[in-house]
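Undergrad: Any chance you can model this:
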Amino acid sequence: MNATDILAANKRFSDEVKRLSQAAEYRHLQRTGAGDVYSTKLASRNIRASLKHRFPGHTFSVRMNGFTEIIVRWEGGPTRDEVHETIGAFKAGSYDTHQDMYIEHRTPWHQVFGSVKHITFVA
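TA: Predicted coordinates for the structure are as follows:
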């Protein structure tokens, strides 16, 4: 990747951050403030808001476990796949068993709405 490619990728990233920050379809979510970039606390608030928005009237428990994990619990109602589809964008990466390491995937979504390393689903 040459310098021109890197500049173009950075511009696309910045443009998407700007678009997400102003997107009306995400008006129910809080945006990052100073010092909140990639915040797990912000992700927790936004996961709660996303679930409430997608599944009104259904109760979820969204709790932080330290600063790297959010545990989402619920009974009945939506399936695990439906919940994962709703909040999966907040997951910051994945564990690569071949390399035996966690690999972070920072996205414009994470920069605007927060992220967390691990999301545990308990249905």
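Undergrad: mean confidence score for the longest helix seen in the chain?
TA: Criterion DSSP state H: the longest helix present in the chain is helix 3-22. Averaging pLDDT along helix 3-22 gives 95.
Undergrad: what packs against it?
TA: helix 108-113 (3 or more Cβ pairs under 8 Å, 6 or more residues apart in numbering; DSSP states H and E). Every residue, glycine included, has its C-beta placed from N, CA and C.
Undergrad: list the buried ones in the helix it packs on?
TA: 108-113 (16 or more other Cβ atoms under 10 Å).
Undergrad: quick one: which of the residues you listed is nearest to Tyr26?
TA: Closest approach to Tyr26 among those (Cβ to Cβ): Phe113, at 7.3 Å.
Undergrad: Which residue comes closest to Ser61 once chain neighbours are left out?
TA: Arg73 (4.2 Å; Cβ to Cβ, 6 or more residues apart in numbering).
Undergrad: now His28: how far from His53?
TA: 5 Å (Cβ to Cβ, to the nearest Å).
Undergrad: again but with Arg27, I slipped
TA: Distance from Arg27 to His53, by Cβ to Cβ: 10 Å.
Undergrad: just checking, what packs against the lowest-mean-pLDDT helix or strand in the chain?
TA: Within the chain, no helix or strand scores below strand 93-96, which has a mean of 90 by mean pLDDT, DSSP states H and E. Contacts defined by 3+ Cβ pairs under 8 Å, 6+ apart place strand 93-96 against strand 101-104.
Undergrad: which helices and strands does the strand it packs on pack with?
TA: Short answer (3+ Cβ pairs under 8 Å, 6+ apart): strand 101-104 packs on strand 93-96.
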